[in-house]
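# sequence and predicted structure, then a few things I'm wondering about:
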There are 2 protein chains.
Amino acid sequence: MALTVVGSIAFDSVKTPFGERERMLGGTAVHFSLAASFFTEVRPVGPVGEDFGDAELAVLTDRGVVVDDVERVTGGKSFFWRGRYEYDLNVAHTEDTQLGVFGEFEPKLSAASKDAEVLFLANIQPDLQRQVRAQCNGARFCALDSMNLWIDTAKDSLLAAIAEVDCVIVNDAEIRQLTAESSLARAARAVMERGPRAVVAKQGEYGAALFTKEGFFALPGFPLEDVRDPTGAGDSFAGGFLGYIDSHEGELDEACLRRAMGYGTVLASFNVEDFGTERVARLSREEIDARFRQLGEMTRFDALPAG
Amino acid sequence: MALTVVGSIAFDSVKTPFGERERMLGGTAVHFSLAASFFTEVRPVGPVGEDFGDAELAVLTDRGVVVDDVERVTGGKSFFWRGRYEYDLNVAHTEDTQLGVFGEFEPKLSAASKDAEVLFLANIQPDLQRQVRAQCNGARFCALDSMNLWIDTAKDSLLAAIAEVDCVIVNDAEIRQLTAESSLARAARAVMERGPRAVVAKQGEYGAALFTKEGFFALPGFPLEDVRDPTGAGDSFAGGFLGYIDSHEGELDEACLRRAMGYGTVLASFNVEDFGTERVARLSREEIDARFRQLGEMTRFDALPAG
């Protein structure tokens, strides 16, 4: 069991109809690592500035996350994002982005990070994703995320990166944009024809769908009466998904991937219950397993013919 | 077994990126009746004009739909809708609506239609829904659909109608608008507090969610590589859902409602595979049951703890 994630470590200032926070801990590698930490040992790789303090690091280390490859850049500033959400929490507006040290990021992996059995290439420039992928050539399962920016500006690199991973985890609109297919099923097939054995389409509050060569599987978002901050939901999903996969000792078969979808869904649902990392930081494995079983109940129906 | 539906019978002119049709048979009561016809005897109640011919009627009667309460208005014109869909089929644009005889519609139910065991009040003015509801006071399960127009212009009437049914079947955005709740779970609870025991939130390609006092259930849309025309998907869903319920002889418990969700999902998926009623008109019960079982496979995962 060894899970490495490469991505951003950030400060987020977020306003939603249910509250706001200034410069709280965030970033894709952070949300991913915290979610995955309930299943396995995680090593985030990413840069921070001098503004990143012990309190932020402690949120990770308190959950057993190994921070050896969190690189503190002297004189630099951490990635910063400011955004707000409308009453419909599906609509986000970015008000400020300051890349800081993330703009010059060149991933440096320790020997331990390179020994990853499972690797997640979070949303960074696709050529960097490929560099990291090449360094972790012993990984038995490798996944990547991306975004519309890279589809627009570095599509060939992104397609090359996709060809080198086992699984693509992206928003459904991005799969459509990437493949120019309006049918999600066709779009996922087009991605798999380039190499990956699995495509996970994240669908926000509607949940997520898994396409593999064996078939199709989908889970709804876990129904919540109180969502406070959707930031990081997708990364928490990926953390639960890949954290479970890394913890799984047997074959990574369809049944394993489906359970991983369940854990991803559960971690994403806890993440959005409070701002930033606040809910997941105080989460327990017992709460996760209870909600996982609930999700099983919520999706079960008797598909035998009945009158 | 006796299912009555009150709603529009129409001509639709539809253009999608995959083709177009002029003045094809459509309307909520039509799509609903055809979908339900695979499970039970259906009686649509609605007006048509002199432009409605034997060919249109035959599409219904060929599927065993009882058309005694399809009222032909002398000198009148049938409801007409013209719309087009973008490449993203979730985005529809209405280009023309001519209410015709539907604008003066006063539902007249025969004794047989009043004897309905299951009743569907499709999307018509809520006071008319209440009139019909009052005439079918022996029904063991009654559901209604509505739309943003009635929330905007006749909200009190709509709330009164909702209090008189067992189940509300509407788009998720409409439940949110009706209740002013951004959380769908809260919105559904607010609707149930007014009387209904179940709320079905239709979510387009993402599927549908069922809220009851016992819990939550959701199904994804059936994954399709080729969607040609989404018109009538929601009404086909309702037809499969209520058709199955009417055919079910036992208690209308949670397990029954979940299977009904499955049949609704399956009928909606067939409907969108071709224009208007074309696919469902040539559908077989064997195809329905095969896809229903596939849907069961696509949503099954082992929610027991596993390493």
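All right, it came through fine.

# quick one, helices of the stretch 1-150 of chain A?
For the stretch 1-150 of chain A, the helices defined by DSSP state H, counting those that start in this stretch occupy A:28-36, A:54-61, A:111-114, A:126-135, A:148-153.

# the residue nearest to A:Met192 when sequence neighbours are not counted and A:Phe211: what is the separation?
Residue nearest to A:Met192 in three dimensions, not counting chain neighbours: A:Val199, with 6.1 Å by CB to CB, 6 or more residues apart in numbering or on different chains. All C-beta spots, glycine's among them, are computed from the backbone N, C-alpha and C. A:Val199 is 4 Å from A:Phe211, where distance means CB to CB, to the nearest Å.

# what sits in contact with each of these two?
Any residue near both A:Val199 and A:Phe211 by CB atoms under 8 Å, 6 or more residues apart in numbering or on different chains counts here, and that gives A:188, A:192.

# strands along chain A, start to end?
Ranges of strands within chain A are A:3-6, A:10-16, A:19-26, A:42-48, A:70-72, A:79-85, A:92-98, A:118-121, A:141-144, A:167-171, A:198-202, A:208-212, A:216-219, based on DSSP state E.

# spit out the contact partners of A:Leu159.
If you count contacts by CB under 8 Å, 6+ apart, then A:Leu159 has A:Arg194 around it.

# where in the stretch 201-307 of chain A is pLDDT low?
A:304-307 (pLDDT under 70).

# convert the C-alpha atoms of stretch A:107-115 to PDB, please.
Provided in PDB are the C-alpha atoms of stretch A:107-115 (Å, rounded to 0.1, in the frame of the first residue of the first chain):
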ATOM      1  CA  PRO A 107       7.500  17.900  -9.300                       C
ATOM      2  CA  LYS A 108      10.400  16.300  -7.300                       C
ATOM      3  CA  LEU A 109       9.600  12.900  -6.100                       C
ATOM      4  CA  SER A 110      11.400  11.100  -3.300                       C
ATOM      5  CA  ALA A 111      12.300   7.500  -3.700                       C
ATOM      6  CA  ALA A 112       9.300   6.600  -1.500                       C
ATOM      7  CA  SER A 113       6.900   8.600  -3.600                       C
ATOM      8  CA  LYS A 114       8.200   7.000  -6.800                       C
ATOM      9  CA  ASP A 115       7.500   3.600  -5.200                       C
END
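
# for the stretch 151-300 of chain A, which segments count as helices?
All helices of the stretch 151-300 of chain A, identified by DSSP H, counting those that start in this stretch, fall at A:155-163, A:172-179, A:184-192, A:233-247, A:254-271, A:278-281, A:285-298.

# comparing those helices, which comes out most buried?
Of all those, helix A:233-247 has the most neighbours on average by mean count of other CB atoms under 10 Å in any protein chain shown, namely a mean of 29.

# and that one, what does it pack against?
If you count contacts as 3 or more CB pairs under 8 Å, 6 or more residues apart in numbering or on different chains; DSSP states H and E, helix A:233-247 packs onto strand A:3-6, helix A:28-36, strand A:118-121, strand A:141-144, strand A:167-171, strand A:198-202, helix A:254-271.

# again, only using 6 Å
Counting contacts by 3 or more CB pairs under 6 Å, 6 or more residues apart in numbering or on different chains; DSSP states H and E, helix A:233-247 packs against helix A:28-36, strand A:118-121, helix A:254-271.

# can you check which of those gets nearest to A:Gly103?
Nearest of the helices and strands packed on helix A:233-247 to A:Gly103, taken as CB to CB: helix A:28-36 at 15.3 Å.

# what residues does chain A put near chain B?
Residues of chain A found near chain B (CB under 6 Å from any CB of the partner chain) are A:87, A:182-183, A:185-186, A:206, A:216-218, A:220, A:223, A:225, A:255, A:258-259, A:262, A:293, A:296, A:298-299, A:301-303.

# any idea how far chain B is from the residue nearest the centre of chain A?
Centroid-nearest residue in chain A, with CA atoms, centre = their mean: A:Asp235, separated by 2.5 Å. Between A:Asp235 and chain B the computed distance is 21 Å (CB to the nearest CB, to the nearest Å).

# for A:Lys202, see how far away that residue is.
10 Å.

# same question for A:Lys77.
Distance from A:Lys77 to A:Lys202, by CB to CB: 29 Å.

# who has more neighbours, the two?
The neighbour count for A:Lys77 versus A:Lys202, taken as other CB atoms under 10 Å in any protein chain shown, is higher for A:Lys202 (24 against 18).

# for that one, what are its contacts?
Neighbouring residues of A:Lys202 by CB atoms under 6 Å, 6 or more residues apart in numbering or on different chains: A:171, A:208, A:234.

# number of residues surrounding the residue lying closest to A:Lys108 once chain neighbours are set aside?
Counting by CB to CB, 6+ apart, A:Lys108 lies nearest to A:Glu71, which is 6.4 Å off, once chain neighbours are set aside. Per other CB under 10 Å, the neighbour tally for A:Glu71 reads 17.

# surely A:Glu71 meets A:Pro47?
Yes - using CB atoms under 6 Å, A:Glu71 makes contact with A:Pro47 at a distance of 4.8 Å.

# grab the nearest non-local neighbour of A:His248.
Using CB to CB, 6+ apart, the closest residue to A:His248 is A:Cys256 (5.1 Å).

# ok, now how distant is that neighbour from A:Leu242?
A:Cys256 is 12 Å from A:Leu242, by CB to CB.

# what do you get for A:Lys108?
Taking CB to CB, one finds A:Lys108 at 21 Å from A:Leu242.

# try A:Ala218
With distances defined as CB to CB, the gap from A:Ala218 to A:Leu242 amounts to 18 Å.

# show me what the closest residue in space to A:Met298 that isn't next to it in sequence is bridged to.
Nearest residue to A:Met298, sequence neighbours excluded (CB to CB, 6+ apart): B:Phe216, at 5.1 Å. Using DSSP bridges, the bridge partners assigned to B:Phe216 are B:Phe211.

# B:Phe216: neighbour count?
19.

# same thing with the one 3 residues further on?
Residue crowding around B:Leu219 was assessed by other CB under 10 Å; the count is 25.

# pretty sure it is touching B:Tyr263, no?
No - using CB under 6 Å, B:Leu219 makes no contact with B:Tyr263, being 10.3 Å away.

# now do the contacts for the closest residue to A:Gly232 other than its chain neighbours.
Nearest non-adjacent residue to A:Gly232, counting by CB to CB, 6+ apart: A:His31, 3.5 Å away. For A:His31, the contacting residues are A:232, A:235-236, by CB under 6 Å, 6+ apart.
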